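Peer 1: Show me the folded form of this:
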Amino acid sequence: MTNTDVLNFSNVSFQAGGKTLLDNINLSVSQGEFLGVLGPNGAGKTTLLSLINAMQKPTDGRASIFGTDLMSLRQLEILELRRRIAVVLQSAEFNPVVPLTALEVVEIARSGQRGLLKPLSASDHEIAHSALEQLGIASLAKRTYRSLSGGERQKVQLARALAQKPDLLLLDEPTTGLDMDWQERLIALIEKLFLEMRITIVMTTHITGHLPACCGRVILLRAGRILFDAETADALTSERLGELYSCNVEVVFRSGRLHCFGAGSGE
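Peer 2: Okay, the predicted model is just below:
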């Protein structure tokens, strides 16, 4: 592990319910890197993010995050570590009995940084407002979160992540459930944030075209194992993707991104 490594997994495995969900994972991510994690449904992508977010510990192997041995941390130390990591899930729901506004959802990040029982400061409120403005959604501040469209909700979730001021941003298939227009808007926004902030990003998806052009490296994950780990152009080839998805794949380069299309079962 180098001084610029944000995370380092060595021979990491994870079992749950009698099943091996991740098997012998060797992975390091450097500061300021954009890593794509590509794989079919059930490949272990979300489980991998859960380990990176210190929500769970590996059952085997060694895992370090920000240079700290995850296996040796106590619960309070893990909570402190997770303040440096922001996560945007495929979808996020909140208790409908408590109709939170978009601004209040973003301010949850500041409560997590300050402590849930401590009142937010003027600075915290300003950071939350600034995050909404940065994403061009300040006009949504007073609207209830549940009244927003899917794309608007994902933007609010990105604003919440930015308001946390993390060192590592995890995106778990963030375009899932969005229409084509909102998918493209969100992809462009993720790229803009990375290029402007150079924050370390790990993004999972099962669609190659959803990885922004700024994604410099991709790992191909199937059945809990890394099949390939390389620069994006070397990873996203017809041969590699055909092996990943067990079918013939055609790859097309368009608008700075690599798109793949199924071309038959290969039987």
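Peer 1: Where does pLDDT dip in the stretch 101-250 of the chain?
Peer 2: Counting by pLDDT under 70, the stretch 101-250 of the chain contains low-confidence ranges at 115-117.
Peer 1: Helices of that one, start to end?
Peer 2: Listed in chain order, the helices of the stretch 101-250 of the chain (DSSP state H, counting those that start in this stretch) span 102-114, 122-134, 150-163, 180-197, 232-235, 238-245.
Peer 1: among the ones you listed, which is nearest G262?
Peer 2: Of all those, the one in closest proximity to G262, counting by C-beta to C-beta, is helix 238-245 (7.2 Å). In short, each C-beta sits where N, CA and C put it, glycine included.
Peer 1: What residues are bridge-paired with the spatially most central residue of the chain?
Peer 2: By C-alpha atoms, centre = their mean, the mean C-alpha position of the chain lies nearest to L171, the distance being 1.7 Å. According to DSSP bridges, the partner residues bridging L171 are V88, M203.
Peer 1: Adjust the sequence numbering to begin at 51 for everything that follows.
Peer 2: Okay, using 51 as the starting number, the last item reads as L221.
Peer 1: Now do the contacts for it.
Peer 2: With contacts defined as C-beta atoms under 8 Å, 6 or more residues apart in numbering, the neighbours of L221 are V137, V138, I240, I251, V252, M253, T254.
Peer 1: Please apply the same query to T258.
Peer 2: Neighbours of T258 in contact, by C-beta under 8 Å, 6+ apart: L88, L286, L291, V301, R307, L308, H309, C310.
Peer 1: Quick check: of these, which has the highest neighbour count?
Peer 2: L88 (30 neighbours; other C-beta atoms under 10 Å).
Peer 1: My guess is A188 contacts H179. True?
Peer 2: Yes. With contact defined as C-beta atoms under 8 Å, A188 and H179 form a contacting pair (7.0 Å).
Peer 1: Name the nearest residue to R160, sequence neighbours excluded.
Peer 2: With C-beta to C-beta, 6 or more residues apart in numbering as the criterion, R160 has its nearest non-adjacent residue at 3.9 Å, and that residue is D174.
Peer 1: what's the neighbour count on that neighbour?
Peer 2: The burial metric for D174, expressed as a neighbour count using other C-beta under 10 Å, is 18.
Peer 1: That one contacts R164, doesn't it?
Peer 2: Yes. Counting by C-beta under 8 Å, R164 is a contact partner of D174 at 6.4 Å.
Peer 1: Give me the distance between the residue nearest to R160 and A159.
Peer 2: If you measure D174 against A159 using C-beta to C-beta, to the nearest Å, the figure is 9 Å.
Peer 1: try L219
Peer 2: For L219, the distance to A159 (C-beta to C-beta) stands at 12 Å.
Peer 1: same check, this time on L190
Peer 2: 16 Å.
Peer 1: Kindly report the same for V87.
Peer 2: Noted for V87: a distance of 23 Å to A159, by C-beta to C-beta.
Peer 1: if we can go back for a sec, what touches both of L219 and A159?
Peer 2: A136, A211.
Peer 1: Adding distance to N58 as columns, could you present the helices of the stretch 151-300 of the chain in CSV?
Peer 2: CSV is the format used below for these (distance: least, C-beta to C-beta, whole Å):
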stretch, distance to N58
helix 152-164, 25
helix 172-184, 30
helix 200-213, 23
helix 230-247, 21
helix 282-285, 20
helix 288-295, 24
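Peer 1: Mean neighbour count, these: which tops it?
Peer 2: helix 200-213 (a mean of 23; mean count of other C-beta atoms under 10 Å).
Peer 1: what sits against the residue nearest to I249 when sequence neighbours are not counted?
Peer 2: With C-beta to C-beta, 6+ apart as the measure, L219 is the residue that lies nearest to I249, at 5.4 Å, once sequence neighbours are left out. For L219, the residues meeting the contact criterion (C-beta under 8 Å, 6+ apart) are I135, A136, V137, V138, A211, I249, T250, I251, V252.
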